[in-house]
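Asks: Mind looking at a prediction? Sequence and model below.
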Number of protein chains: 4
Amino acid sequence: HHLGMVGLGKMGGGMRDRVRQAGLQVTGYDRDPDVTDVESLEALVAALPTPRAVWVMVPSGPVTHRVVSELADLLEPGDLLVDGGNSKWTEDEDHAQQLAANGIRFVDCGVSGGVWGLEAGYGLMCGGAPEDVERMLPVFDALRPEGPREEGFVHAGAVGAGHYAKMVHNGIEYGLMQSYAEGYELLLAKGIVTDETGCFKAWTRGTVVRSWLLDLLVRALESDPGLEGIEGYVDDSGEGRWTVQEAVENGVPAPVISTALFSRFSSRQPDSPAMKAVAALRNQFGGHAVHT
Amino acid sequence: HHLGMVGLGKMGGGMRDRVRQAGLQVTGYDRDPDVTDVESLEALVAALPTPRAVWVMVPSGPVTHRVVSELADLLEPGDLLVDGGNSKWTEDEDHAQQLAANGIRFVDCGVSGGVWGLEAGYGLMCGGAPEDVERMLPVFDALRPEGPREEGFVHAGAVGAGHYAKMVHNGIEYGLMQSYAEGYELLLAKGIVTDETGCFKAWTRGTVVRSWLLDLLVRALESDPGLEGIEGYVDDSGEGRWTVQEAVENGVPAPVISTALFSRFSSRQPDSPAMKAVAALRNQFGGHAVHT
Amino acid sequence: HHLGMVGLGKMGGGMRDRVRQAGLQVTGYDRDPDVTDVESLEALVAALPTPRAVWVMVPSGPVTHRVVSELADLLEPGDLLVDGGNSKWTEDEDHAQQLAANGIRFVDCGVSGGVWGLEAGYGLMCGGAPEDVERMLPVFDALRPEGPREEGFVHAGAVGAGHYAKMVHNGIEYGLMQSYAEGYELLLAKGIVTDETGCFKAWTRGTVVRSWLLDLLVRALESDPGLEGIEGYVDDSGEGRWTVQEAVENGVPAPVISTALFSRFSSRQPDSPAMKAVAALRNQFGGHAVHT
Amino acid sequence: HHLGMVGLGKMGGGMRDRVRQAGLQVTGYDRDPDVTDVESLEALVAALPTPRAVWVMVPSGPVTHRVVSELADLLEPGDLLVDGGNSKWTEDEDHAQQLAANGIRFVDCGVSGGVWGLEAGYGLMCGGAPEDVERMLPVFDALRPEGPREEGFVHAGAVGAGHYAKMVHNGIEYGLMQSYAEGYELLLAKGIVTDETGCFKAWTRGTVVRSWLLDLLVRALESDPGLEGIEGYVDDSGEGRWTVQEAVENGVPAPVISTALFSRFSSRQPDSPAMKAVAALRNQFGGHAVHT
């Protein structure tokens, strides 16, 4: 196996390294000359044996569209493209059709694990035709964590199923993080627990709430007790929004995930128009003072 | 009828006026010499014919406890005290027992309407023994809005029921205000509706969402388009908290009212500890940048 | 003015009557021969003086698309079509372009008021070009409630703004209804307020929560105390979903409206897959009994 | 060390075994003659060397109150009682004072880990005086998981801090479980992921959402795909309620944890009074059909 990898950032770069460590050959391409193995996409394609396998690991949206379009022209019938970025699952079918027009196969693959994946392995959820997934198994096995394959990898369904699974995974992640965060704030506010970092740390073994996210929260609290150096401003990168919109579309109650998403929106507002309106109303009916 | 009124602030002062306008006699007492009719609680009690009726309209909590205690000593068997403030319903039984020890009757009465009640009348929900409520009917009729008695007044049940009804009323109010506020913010954010004040105003007649709160929101928007002069900082005065705690105690789902309450809490935080924790977590697993 | 009206159901039928009562002429078309004035859309178009004005009041989605398409072929340059149904605002631009290709003007108009509008008037929010809105003012004035025009009508912006305003109106409505409903359930569950219908009725005058929806809830409670004859199963017709999806799209926190929507979803589930999973988890870690 | 253990149910029984496996001596008492080591509390006290240490592991509330009261009479000055049950943190101070009146020391200890703790160890959070906690360290070390003490044990603060920490732990747990559950339901509803059990299993290694609860969910799904044998009916045992009430009391936004709690309440309602009211309202204003 000789894999092409497009996009060598935090994720793609680590993945190149992990696949190489597993003994497979990888040629990577990135716009950044400091990290790329070849000078261009064309050079990447030229460097790979046929039938080629190219893993695309670039920002979702326009950048992914562009790279897929370029590769649709550069690759040849029988080649295979894996989109491992955080694309919206609805885009997979478009990409698959665009590639299929040139006889190129497509697999979408949600990748979880963040910057820790290089060492711990990446959790993988992919969608596509069985023979295409089969063909990529050596790469998937290289990327995924040690242990039984089915504990770090799933062929979730047809094209789109991988990114759908990853979207839901991230939606769940929003809820998990907010749950720990609310508990953290309550401990702080009450003050009866005098060692909140120690308390979270004591939950990392044996308790019902133990998890990798908890381990990371402890790590953050130990490096910056009270999280003094961090502002309570939280971005979102799309999957949480899509999860809520899918829940709404499918008539599925998702009050926890949506609340977690809305808490992020609120965290980014220096002043809330909605709460201005509530303050104005209280002032109107009760003469309650407002802050100005 | 000759009513004693203790507390002549925004609410109590207006209520004294409204009862007088109805042709009943009222003697009021307030610590503020500019508004009081008599010099002391003792003088108030001395000025009233027996059996006396005294309406207490002071801040809930310690101030109400003190006034009730003092009147428990000053009043005589057969007198009646009405607590019209925003006391927690659980305090009514204590007050009733304290007064009953001296043969004094007690009625709790939730009062709604704010600063507009003087002109429009006050919505009343009371709790107590039927004969005590009956005795106060002329005062209740003077205070409540024009129209059928049952559309602005209810004998909700035994002692405590009046304040319980008022608590739930206010809990509902939290949800109503937040609903309008979320809609307002969405209109602003989208911008497709170019005249959001006009839009809210157009809802005041004929639509399903027409209400008094909507009228007040239009009033606020017309006097300060964009609510530029108001910060999105919203206090709470207890009834919303009690409503949520009662819902929890009684196993009643109250996601909307509790969410409205939590939105107020959030509005008062310059920086959210919970969202610091979420930001820290995202940084830990994905290397996502944090604001510092 | 001589208006054409397509769709004479609960809403369209009442609107035809109200416009006629205002002294304007209306010719209506409906598939139902019992209510229609003419035999076909073609006959409707033939019956109207030019330039024509046709108000479409049919179910949103495919039915509206079809009627708009047919009228795009039947109407002539200079004619005007108003879509008064509950179309999604994103469809307005499509309809406008489709009609504009044949020189036909388009106005979208959100209509609120339900079955009560015939008597009380309909709240109207419209989007479109100023000259088109101007041209329809006599019809808008006939439909809207008595009183100042701006309290029952708004020209909210360009094409799409009317339905957008109506969408937000309905989103707010979801929150308002859920707020009253949660308060109602708490009163019932606690039982300290012995007359919950009387309590709600007493809120209809003077209180902060008075509204038209409250009046309707009292009406429902008086006709069926305890709401014995009604199952807690609540449908939704789209606008609430769109509101939440718009909030998500625009980064606007809408926890109350979304929670109200999710409560409707839950109300329709005989058994919740999510809660099965929670029950299974409790059983797994704690040996807690499950219901089977 | 020779520990007395009162209550030998699912938790207490496993804890007795684990402490014994660590080489410490334990005498247990339970009402159930099949599991008890001695015939009575008196016999238990008689069997223990002084100063005694007795771990109480019985249902919180009245049963715990009774056992503490009985031991307050049976134990002697210098003895120490640990309440390891799920008592509300506010009760700890009462128990401590009741015991202190007889010279008996008190430590509260939240215990997590469920039926798995016997093998994996129990996560421990305790509150009390440093010398009392110190004295119990050999027992704590026997109970907690392998590994560094601070990863499975914390001295969280003074009396009450242990149960407070456990309460927050459980509140977080509610949010975590609901997060996974919402994601599970969305996967099921959409159907694009054809192997939802495999998908959850693939998340157990490498992904951001990996956790012990996830492992258990996979276990449940593997033993009963589709969770056919489980009804979506979820009890609660108090800590979630207390967490929400504490959040409200302390002005801490906890929308996710409260929503998770309310979802449990809803899961137990065959028919929701609140949703009856919403259905009634929709019928009133729009003539929308209701289910009866």
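Replies: Received, thanks. Numbers count the residues shown, from 1 in each chain, chains lettered A, B, ... in the order given.
Asks: Quick one: mean pLDDT over stretch A:216-234.
Replies: Taken as a whole, stretch A:216-234 carries a mean pLDDT of 96.
Asks: neighbouring contacts of that stretch?
Replies: The contact list for stretch A:216-234 (Cβ atoms under 8 Å, 6 or more residues apart in numbering or on different chains) reads A:180, A:184, A:196-197, A:200-201, A:204, A:263-264, A:267-268, B:269, B:271-285, B:290-292. C-beta: built from backbone N, CA, C; applies to glycine.
Asks: 6 Å instead, please
Replies: Contacts with stretch A:216-234, where a contact means Cβ atoms under 6 Å, 6 or more residues apart in numbering or on different chains, come from A:180, A:197, A:200-201, A:264, A:267-268, B:271-272, B:275-276, B:278-281, B:284-285, B:290-292.
Asks: and if you look at stretch A:271-287?
Replies: Residues outside stretch A:271-287 that contact it (Cβ under 6 Å, 6+ apart): A:288, A:290, B:10, B:114-115, B:177, B:181-182, B:184-185, B:188, B:216-217, B:219-220, B:227, B:230, B:232, B:234, B:267, C:208.
Asks: picking that back up, generate a PyMOL selection restricted to the buried subset of the contacts of stretch A:216-234.
Replies: Buried residues among the contacts of stretch A:216-234 (16 or more other Cβ atoms under 10 Å in any protein chain shown), as a PyMOL selection:
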select buried, (chain A and resi 180+197+200+201+264+267) or (chain B and resi 272+275+276+278+279+280+281+284+285+290)
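Asks: Return the subset of the contacts of stretch A:216-234 lying in helices.
Replies: Counting by DSSP state H, the contacts of stretch A:216-234 place A:180, A:197, A:200-201, A:264, A:267, B:275-276, B:278-281, B:284-285 in helices.
Asks: could you dump these to CSV with pLDDT and distance to residue A:28?
Replies: Shown next, in CSV, are the ones in helices among the contacts of stretch A:216-234 (pLDDT from 0 to 100; distance: Cβ to Cβ, whole Å):
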residue, pLDDT, distance to residue A:28
A:180, 98, 35
A:197, 97, 39
A:200, 98, 38
A:201, 98, 38
A:264, 98, 33
A:267, 97, 36
B:275, 97, 36
B:276, 97, 36
B:278, 97, 32
B:279, 96, 31
B:280, 96, 31
B:281, 96, 29
B:284, 94, 26
B:285, 91, 23
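Asks: Please compute how far the lengthiest strand in chain A lies from its chain's middle.
Replies: Scanning chain A for the longest strand, with DSSP state E as the assignment, gives strand A:105-112. With Cα atoms, centre = their mean, to the nearest Å as the basis, strand A:105-112 stands 12 Å off its chain's centre.
Asks: same thing with stretch A:211-223?
Replies: That offset, for stretch A:211-223, works out to 19 Å (Cα atoms, centre = their mean).
Asks: With stretch A:110-117 instead?
Replies: Mean-position distance between stretch A:110-117 and its chain equals 7 Å (Cα atoms, centre = their mean).
Asks: ok, the longest strand of chain A near chain B or not?
Replies: No: Strand A:105-112 lies out of reach of chain B by Cβ under 6 Å from any Cβ of the partner chain, never closer than 9.0 Å.
Asks: Mind giving me the packing neighbours of whichever helix or strand comes after that strand?
Replies: If you walk from strand A:105-112 toward the C-terminus, the next helix or strand you reach (DSSP states H and E) is helix A:117-120. Helix A:117-120 sits against helix A:10-21, with contacts defined as 3 or more Cβ pairs under 6 Å, 6 or more residues apart in numbering or on different chains; DSSP states H and E.
Asks: mind listing what's buried in the helix it packs on?
Replies: A:10, A:11, A:12, A:13, A:14, A:15, A:16, A:17, A:18, A:19.
Asks: Would you check which pair of the residues you listed lies furthest apart?
Replies: A:10 and A:19 (15.6 Å; Cβ to Cβ).
Asks: how about the strands in the stretch 101-250 of chain A?
Replies: A:105-112, A:123-127, A:153-157 (DSSP state E, counting those that start in this stretch).
Asks: Flag every residue of chain A that's near chain C.
Replies: A:208, A:241, A:244-245, A:248, A:251, A:253, A:255, A:258-259, A:262, A:265-266, A:285.
Asks: Tell me how many other residues surround the closest residue to residue A:138 other than its chain neighbours.
Replies: Distance criterion Cβ to Cβ, 6 or more residues apart in numbering or on different chains; nearest residue to residue A:138, sequence neighbours excluded, is residue A:1 at 4.9 Å. Neighbour count of residue A:1, defined by other Cβ atoms under 10 Å in any protein chain shown: 16.
Asks: Next one: residue A:1 from residue A:21, what distance?
Replies: 14 Å (Cβ to Cβ, to the nearest Å).
Asks: quick one, helices of chain A?
Replies: Using DSSP H, helices in chain A cover A:10-21, A:41-47, A:62-74, A:89-100, A:117-120, A:130-143, A:161-190, A:196-202, A:212-223, A:239-249, A:255-267, A:273-286.
Asks: Go through these and name the closest to residue C:108.
Replies: helix A:239-249 (22.6 Å).
Asks: the inter-axis angle of the closest one versus helix A:255-267?
Replies: Relative orientation of helix A:239-249 versus helix A:255-267 (axes from the mean of the first three to the mean of the last three Cα atoms, to 10 degrees): 130 degrees.
Asks: name the helices or strands packed onto helix A:239-249?
Replies: helix A:161-190, helix A:255-267, helix C:239-249.
Asks: ok, 10 Å please
Replies: helix A:89-100, helix A:161-190, helix A:255-267, helix C:239-249, helix C:255-267, helix D:161-190 (3 or more Cβ pairs under 10 Å, 6 or more residues apart in numbering or on different chains; DSSP states H and E).
Asks: Redo those as TSV? Include distance to residue B:168.
Replies: Formatted as TSV, these follow (distance: least, Cβ to Cβ, whole Å):
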stretch	distance to residue B:168
helix A:89-100	44
helix A:161-190	26
helix A:255-267	22
helix C:239-249	24
helix C:255-267	17
helix D:161-190	25
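Asks: right, and residue A:63 touches residue A:83 too?
Replies: No: counting by Cβ atoms under 10 Å, residue A:63 sits too far from residue A:83 to count as a contact (11.3 Å).
Asks: so the residue nearest to residue A:138 touches residue A:142, yeah?
Replies: Yes: at 8.5 Å, residue A:1 counts as touching residue A:142 under the criterion of Cβ under 10 Å.
Asks: which residues do these two both contact?
Replies: Shared contacts of residue A:1 and residue A:142, defined by Cβ atoms under 10 Å, 6 or more residues apart in numbering or on different chains, are found at A:19, A:22, A:23, A:24, A:26.
Asks: Weed out the non-buried ones from those.
Replies: A:19, A:24, A:26.
Asks: List the contacts of the nearest residue to the second one once chain neighbours are set aside.
Replies: Residue nearest to residue A:24 in three dimensions, not counting chain neighbours: residue A:1, with 4.7 Å by Cβ to Cβ, 6+ apart. Going by Cβ under 10 Å, 6+ apart, residue A:1 touches A:19, A:22-26, A:49, A:53, A:135-139, A:142.
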